[in-house]
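A.B. asks: Fold the following and give me the result.
(one chain, ligands or ions: 1)
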Amino acid sequence: MMLKDKVAVIYGAGGAIGSAVARAFASEGANLFLTGRHLTPVEVVAEDVVSAGGSAAAAVVDALDEQAVDTHLQSVIDTAGRVDISFNAVGIPNTKILGVPLIELDVAQFSLPITTYTRSYFLTARMAARRMVANRSGVIMTVTALHSRTGIPLVGGYGPAMAAKEALTRDLSAELAPQGIRVVGLRPQAMPETRTIKEAFTPRAKASGMTWEQWQEFLAGRTHARRLMTLEEMANMAVFMASDKASGMTGTTVNLTMGSLDD
Ligand SMILES: NC(=O)c1ccc[n+]([C@@H]2O[C@H](COP(=O)([O-])OP(=O)(O)OC[C@H]3O[C@@H](n4cnc5c(N)ncnc54)[C@H](OP(=O)(O)O)[C@@H]3O)[C@@H](O)[C@H]2O)c1
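C.D. replies: Numbering: from 1, shown residues only. As a prediction, the model looks like this:
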């Protein structure tokens, strides 16, 4: 088992990516502390993990609330003795941020993804790192999208938000790697099983007249494999990157765009 007895905290664990990563981490032996803004979706994942023989606890933690993140992490330390993996899978609904041309976009709507994504990643990473430093060991992870590195219309402040998170991954690593803590992002291609991608489709459909099937084909056509990624494939990579097998990997975002984006 690649993550046997590793203590992992996941933020946004009730979401598509957070829950897929939780299940994959659990199947590799991790002891999970799952959190989200609302308890029910996180509890559903924790119950699934436990009924499959794994270990998971669910809690409400607003990943934008410094005190809530700190108090929860302290409870993890009090219960499990340490934290080995911090995974930020927080996402805000695309309906709030996509679809308005930049020249018409309100500054508050432009700023929302930038402040939300960077604040939650900074807070969860910083709080975990403060605990990991004591053990000179740990992995801090998050998720971005190819908007960090390529121009896409009608995505408002989402591209700058993703670029900022990738910069923060590099900077966190530059400071933390000498203390034994790795910082690694994942940049998956769109996974059409998720609500996120269905919501991202709506404004593109309005602008281009494409159907859902045509849009998936358009996105898939930009990959070398001519298909989109599954949540399972993304989660398998998350397991590897969180494991000691990836001990040589830090300060970077793994390009999971299947060839859509050159390195
Ligand atoms: N899905 C994809 O194909 C894809 C591809 C590339 C990148 N990404 C990126 O990956 C991230 C996650 O995507 P996803 O598809 O998993 O989204 P998702 O299904 O909407 O999950 C996001 C989760 O974050 C939670 N959340 C939101 N604000 C929070 C806060 N302040 N504190 C704690 N939890 C909070 C949400 O809870 P509530 O529902 O209760 O608000 C939800 O459970 C996003 O940044 C997304 O842009 C996704």
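A.B. asks: how many other residues sit next to P41?
C.D. replies: P41 has 18 neighbours, counted by other CB atoms under 10 Å. For glycine as for every other residue, the C-beta is placed from the backbone atoms N, C-alpha and C.
A.B. asks: Shouldn't it be within a helix?
C.D. replies: Yes - counting by DSSP: H, G, I helix; E, B strand; the rest coil, P41 falls inside a helix.
A.B. asks: Which helix or which strand is home to A46?
C.D. replies: Following DSSP states H and E, one finds A46 within helix 39-51.
A.B. asks: Okay, buried residues for that helix please.
C.D. replies: 41-43, 45-46, 49 (16 or more other CB atoms under 10 Å).
A.B. asks: which other helices and strands contact the lengthiest strand in the chain?
C.D. replies: Longest strand in the chain, counting residues (DSSP state E): strand 181-188. Counting contacts by 3 or more CB pairs under 8 Å, 6 or more residues apart in numbering; DSSP states H and E, strand 181-188 is packed against helix 107-135, strand 138-143, helix 158-176, helix 231-242, strand 252-256.
A.B. asks: other SSEs contacting the next helix or strand after it?
C.D. replies: Next along the chain after strand 181-188, taking DSSP H and E as the criterion, comes helix 195-208. If contacts are counted by 3+ CB pairs under 8 Å, 6+ apart, helix 195-208 sits against helix 212-221.
A.B. asks: on that earlier part again, and the buried residues of helix 39-51 near the ligand, which?
C.D. replies: Contacts with the ligand within these, as defined by CB under 6 Å from any ligand atom: P41.
A.B. asks: quick one: which of the buried residues of helix 39-51 is nearest to the ligand?
C.D. replies: Nearest to the ligand out of the buried residues of helix 39-51 is P41 (CB to the nearest ligand atom; 5.8 Å).
A.B. asks: G12 is in contact with the closest one, correct?
C.D. replies: No - P41 is beyond contact range of G12, at 9.6 Å (criterion: CB atoms under 8 Å).
A.B. asks: still on that earlier bit, mind checking which of the helices and strands packed on strand 181-188 is nearest the ligand?
C.D. replies: strand 138-143 (3.9 Å).
A.B. asks: Paired strands for that closest one, with orientation please.
C.D. replies: strand 85-88 (parallel), strand 181-188 (parallel) (DSSP bridges).
A.B. asks: I'd like the distance from it to the chain centre, please.
C.D. replies: 9 Å (CA atoms, centre = their mean, to the nearest Å).
A.B. asks: Repeat that for stretch 218-234.
C.D. replies: 18 Å.
A.B. asks: interface residues of the stretch 151-263 of the chain facing the ligand?
C.D. replies: Residues of the stretch 151-263 of the chain lying near the ligand (CB under 6 Å from any ligand atom): 188, 190-191, 194-197.
A.B. asks: repeat for the stretch 1-150 of the chain
C.D. replies: Within the stretch 1-150 of the chain, the positions lying close to the ligand (CB under 6 Å from any ligand atom) are 11-12, 14-18, 36-38, 41, 62-64, 89-92, 120, 143, 145.
A.B. asks: How about V90: what's its closest non-neighbour residue?
C.D. replies: Once flanking residues are discounted, V90 sits nearest to G12: 3.9 Å by CB to CB, 6 or more residues apart in numbering.
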